[in-house]
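Visitor: Below are the sequence and a predicted model; questions follow.
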Amino acid sequence: MTRSALAHQTIGSGDNTVVFVHGFTQTGDSWRPFIEVLLPQLANTKAILVDLPGHGASADLRLDLRNTAEALVATGGRATYVGYSLGARVMLHAALAHANLVERCVLISGTAGIDDEIERRARRNADEQLAERIEQIGTAAFIDEWLAQPLFAHLTPSQAQRAERLVNSPIGLASSLRLCGTGTQTPLWNRLAALSQPLLVVAGARDEKFVALARRMAELAPHARLEIIADAGHSAHLEQPTTLAGAFAHWITSPRT
């Protein structure tokens, strides 16, 4: 079991820690616009922004989902963890394995995996093809294709953060897909009932697929609250940072149930 730490940066100071875990093709810096809105609403709080394996300053790390989760808690320690998309899947593994360290969880546009084995295999094959595509055309061309997906259609150029994504290498991104893609994930749906931590499950109202996944997770996890963000798609924290920050601040300061 690896306990290697992930590359990370810290913003703010205080006894309370919130760890932010980004999505595929991003880095920890992607959280900065959201954190600028959130931290003034939270007293005595510091934010830790990690770079996942294959991304940013962790580009040379090669870890699967389980070992990435181990590296995540080795980096963040006892804290509230916020994960988006790929980061949400990593964080869910961490929460199930380390309830003593992951005190609260926020899942933004996350999933507990693909139930059907045939669909998982198809997704693994699709991710392998995508990994080969990245290696063939390079980061810049791939990022343009990635952001052209309907999933990100509502992002403004500023919200899309294209320049920040360009720091990633084709080799790093390809390795992330091969080791941590959704098709590699053992479904965790039947384990959600074991989550003892408060869980905030977030999806953008325009992202119908992940709204359905969020509702399912919130129904299965015993201490979950569902938050659907209006006028937002897959990247709710980038599209509606003020709305989501307000919901987050209210949730994290509410009594634990």
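Guide: All right, it came through fine. Here the structure is a predicted model, which is why all the values come from computation and not from measurement. Residues are numbered from 1 along each chain as shown.

Visitor: what about the helices in this structure?
Guide: 32-38, 65-76, 86-97, 117-137, 139-147, 157-160, 162-165, 170-180, 208-220, 236-239, 241-253 (DSSP state H).

Visitor: Looking at those helices, which is nearest to residue 17?
Guide: helix 65-76 (6.7 Å; Cβ to Cβ). Just so you know, the C-beta spots here come from the backbone N, C-alpha and C atoms, and that holds for glycine as well.

Visitor: Show residues contacting that closest one.
Guide: Contacting residues not belonging to helix 65-76 are listed as 1-6, 8, 17, 19, 21, 48, 50, 52-53, 61, 63, 81, 89-91, 93-94, 97-98, 101-102, 179-180, 184-185 [Cβ atoms under 8 Å, 6 or more residues apart in numbering].

Visitor: Now intersect those with the strands, please.
Guide: Among the contacts of helix 65-76, the residues falling in strands (DSSP state E) are 8, 17, 19, 21, 48, 50, 81, 102.

Visitor: Look at the last one and say how many residues are nearby.
Guide: Residues within reach of residue 102, counting by other Cβ atoms under 10 Å, total 27.

Visitor: Provide a list of residues in contact with it.
Guide: 73, 79, 81, 91, 94, 95, 197.

Visitor: one more time with 7 Å
Guide: By Cβ atoms under 7 Å, 6 or more residues apart in numbering, the residues touching residue 102 are 73, 81, 94, 95, 197.

Visitor: start to end distance for stretch 162-178?
Guide: 22 Å (Cα to Cα, to the nearest Å).

Visitor: How about that stretch, which residues are buried there?
Guide: Under the neighbour-count criterion of 16 or more other Cβ atoms under 10 Å, stretch 162-178 has 162, 164-165, 167-178 buried.

Visitor: Please apply the same query to stretch 139-152.
Guide: Going by 16+ other Cβ under 10 Å, stretch 139-152 has these buried residues: 139, 142, 143, 146, 147, 151, 152.

Visitor: List of residues touching it?
Guide: Contacts of stretch 139-152 (Cβ under 7 Å, 6+ apart): 25, 133-134, 160, 162, 165-166, 168-170, 173, 233-235.

Visitor: about what we covered before: between the ones in strands among the contacts of helix 65-76, which is nearest residue 36?
Guide: When these are compared against residue 36 (criterion: Cβ to Cβ), the nearest one is residue 48, at 15.4 Å.

Visitor: In contact with the residue lying closest to the closest one once chain neighbours are set aside, which residues?
Guide: Excluding the flanking residues, the one nearest residue 48 by Cβ to Cβ, 6 or more residues apart in numbering is residue 19, at 4.7 Å. By Cβ under 7 Å, 6+ apart, the contact set of residue 19 is 48, 50, 76, 79, 81, 82.

Visitor: can you tell me how far the residue located most distally from the centre of the chain sits from residue 51?
Guide: Distance from the C-alpha centroid of the chain, by Cα atoms, centre = their mean, peaks at residue 136 (26.2 Å). Using Cβ to Cβ, to the nearest Å, residue 136 is found at 24 Å from residue 51.

Visitor: now the nearest residue to residue 228 once chain neighbours are set aside: how far from residue 213?
Guide: In this structure, residue 228 finds its nearest non-sequential neighbour in residue 205, 5.2 Å apart by Cβ to Cβ, 6+ apart. With the distance defined as Cβ to Cβ, residue 205 ends up 14 Å from residue 213.

Visitor: Same drill for the two, tell me which one is more crowded.
Guide: Neighbour count, other Cβ under 10 Å: between residue 205 and residue 213, residue 213 has more, with 21 against 14.
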